[in-house]
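Asks: Everything below, folded, please.
(one chain, ligands or ions: 1)
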Amino acid sequence: MTFELSALPTQRADLIERLKAPHTYDIAIIGGGATGLGVALDAAARGFSVVLVDSHDFAKGTSSRATKLVHGGVRYLAQGNISLVREALHERTRLLANAPHLAQPLPFVMPSYKFWEAPFYGVGLKMYDALAGKAGLGATEFLSRAETLRDLPTVREKGLKGGVKYWDGQFDDARLALALARSAARAGALLVNYCAATGLIHEAGKVVGLQLTDQESGQALTVRAKCVVNAAGVWVDQLRVLDGQAIGHEARPMVAPSQGVHIVVDRGFLPTDHALLVPKTADGRVLFAVPWLGKTILGTTDTPRNDLAREPMAFREELDFILGEAGRYLSRAPAPADIRSIWVGLRPLVKPPDDDGDRTQALSREHTVLVSKSGLVTVTGGKWTTYRAMAEDVLDNCFARNLLPQRPGGVTASLLLVGAQSSGHRISDAPGLHLYGSDAARVLALPGSDRELGGGLTEAMVRFAARYEYARTVEDVLARRSRLLFLDAALAKSLAGAVAGLLEEEGQAAPRLADFLTLADQYLTLPS
Ligand SMILES: Cc1cc2nc3c(=O)[nH]c(=O)nc-3n(C[C@H](O)[C@H](O)[C@H](O)COP(=O)(O)OP(=O)(O)OC[C@H]3O[C@@H](n4cnc5c(N)ncnc54)[C@H](O)[C@@H]3O)c2cc1C
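Replies: Numbers count the residues shown, from 1 in each chain. Modelled structure (predicted):
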């Protein structure tokens, strides 16, 4: 399938007009993170009519807060979950091929300080290679002490025996989400951010549409659809409860949120294009140090929490863990004053299926698809890497329940995403025009392409974000079109006023500058 490659404008007034037009869509999707956007693209590419709404910005939830790894999941291999790892390894290859400007191979090195570590982990990683087969990115290698220091120049030298190098991938998660949104739009889908699903419409016990609230104007809207997909991440239960109330059937919560914290420090702490993996920290956890967009990401944690905050705060213990373990493995230990940004994401961990009468169908233990008695299709769990396979699973469930007429799958397996074009740059390089892939020329043609605001962000990029990438607020630009909030919150704060001015010039009357300044402070605040 081929699509017109020119960039589609994303003027909000036009999107809202289209949303208001009476129409029964084949599929309406709640949630514009990796999961919902993946379903939107797959369904639109199969020729279904698609509408997707997000209450906030696309990827404002978990999908902009990942460790940025496109991976098979070495950890799942240790748990013996072979089919899951194989699926993820194959999806890894597809993602790298379909969005080469945003996702690329990355070598990982595990340093070893005990004589048994390298052979022990090396054998597991050789299995990882074998499972990848032709989808492999490079062979696992045993490294001498000198080779380990070549690849990880600042790793702690004392007691270092050698290491093991293996290959996975890395990506820019929020920009990939936007590429998915724009690719779905290119295939005919209507996507609207800042538009919340506030209710479900039921008729004769079946869900037939959504009640929506335009978060900018406060206006109430409705859309009708043959099939409604709830891809609201950790927030899926809120919709499931509404669905249960409407049909007199209590829906028990399926998500147990767990938070993951990352901190970002300067690249000087790990000046290399290799990631560092500690498979077992002092208390048995995993720690990554990943070169990303000119900085180094350290993380992550896995802490249960009961609330569903949009911007959760890190706990002190999590910060101490990351800084403490990084300090054990790096020659220069990062201190709190070195932190450029702290960000927190919520994992939608799925509880074991309950007995509330919902039908559970899961391709893998990683993600879950539930179809309620009313026909509400809920999908959650899984990981970014497997978003495409998850979307196929969702559509298979829609077909199995006769919510949609069956159409052949596999259409996204080699579908290039908007912008797909290699530039020769690495994801670990400082941000710049190369992240726009084949859209770079379009950005360059806009006013201000030679005026850099800072951190690789030009005036033209802000205009491009407003015109073609659904950006509405200063946060949309500085957190997800550019990633400066995640990379260096103080720098992002210093550019916020200029970004607000440009968004106003582009016709956005309320770019919410004050909200962004408060948020940037949170990304700089150390937990007490
Ligand atoms: C710390 C951490 C690290 C991770 N690292 C990796 C990694 O390196 N690699 C990897 O492959 N995976 C990783 N993952 C997993 C991956 O990030 C998630 O699986 C994925 O982002 C989940 O996407 P989602 O679309 O289901 O949820 P979300 O991204 O949270 O999207 C849900 C969306 O629904 C919207 N929404 C909610 N309620 C409503 C409503 N009523 N109306 C409209 N919209 C609504 C929200 O605004 C949100 O945008 C990580 C996860 C965490 C937490």
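
Asks: Leaving aside the residues adjacent along the chain, what's closest to residue 78?
Replies: Nearest residue to residue 78, sequence neighbours excluded (C-beta to C-beta, 6 or more residues apart in numbering): residue 124, at 6.6 Å. For every residue, glycine as well, the C-beta is placed using N, CA and C.

Asks: hey, C-alpha coordinates of the helix or strand hosting the one you found in PDB?
Replies: In the assignment (DSSP states H and E), residue 124 maps to helix 117-132. Extracted in PDB, the C-alpha atoms of helix 117-132 (Å, rounded to 0.1, in the frame of the first residue of the first chain):
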ATOM      1  CA  GLU A 117      29.400 -13.000  34.900                       C
ATOM      2  CA  ALA A 118      30.500 -12.700  31.300                       C
ATOM      3  CA  PRO A 119      30.100 -16.400  30.400                       C
ATOM      4  CA  PHE A 120      26.800 -16.600  32.400                       C
ATOM      5  CA  TYR A 121      25.200 -13.600  30.700                       C
ATOM      6  CA  GLY A 122      27.000 -14.300  27.400                       C
ATOM      7  CA  VAL A 123      25.300 -17.700  27.000                       C
ATOM      8  CA  GLY A 124      21.900 -16.100  27.500                       C
ATOM      9  CA  LEU A 125      22.600 -13.400  25.000                       C
ATOM     10  CA  LYS A 126      23.800 -16.000  22.400                       C
ATOM     11  CA  MET A 127      20.300 -17.500  22.800                       C
ATOM     12  CA  TYR A 128      18.900 -14.000  22.300                       C
ATOM     13  CA  ASP A 129      20.800 -13.800  19.000                       C
ATOM     14  CA  ALA A 130      19.600 -17.300  18.000                       C
ATOM     15  CA  LEU A 131      16.000 -16.300  18.700                       C
ATOM     16  CA  ALA A 132      16.400 -13.100  16.600                       C
END
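
Asks: So, low pLDDT: which residues of this protein?
Replies: Applying pLDDT under 70 to the chain flags the ranges 1-6, 353-365.

Asks: what helices or strands is the helix or strand encompassing residue 35 leaning on?
Replies: Per DSSP H and E: residue 35 is located in helix 34-45. Applying 3 or more C-beta pairs under 8 Å, 6 or more residues apart in numbering; DSSP states H and E, one finds that helix 34-45 makes contact with strand 24-30, strand 50-53, helix 173-186, strand 377-381, helix 387-400.

Asks: Mind listing what's buried along that helix?
Replies: 34, 35, 36, 37, 38, 39, 40, 41, 42, 43, 44, 45 (16 or more other C-beta atoms under 10 Å).

Asks: so what's the fourth one up against?
Replies: Translated: residue 37. Each residue near residue 37 by C-beta atoms under 8 Å, 6 or more residues apart in numbering is listed here: 52, 58, 177, 180, 181, 184, 191, 387.

Asks: sorry, back to before: how about the buried residues of helix 34-45 in a markdown table, adding distance to the ligand?
Replies: Shown next, in a markdown table, are the buried residues of helix 34-45 (distance: C-beta to the nearest ligand atom, whole Å):
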| residue | distance to the ligand |
| --- | --- |
| 34 | 4 |
| 35 | 3 |
| 36 | 5 |
| 37 | 7 |
| 38 | 8 |
| 39 | 9 |
| 40 | 11 |
| 41 | 13 |
| 42 | 14 |
| 43 | 15 |
| 44 | 17 |
| 45 | 18 |
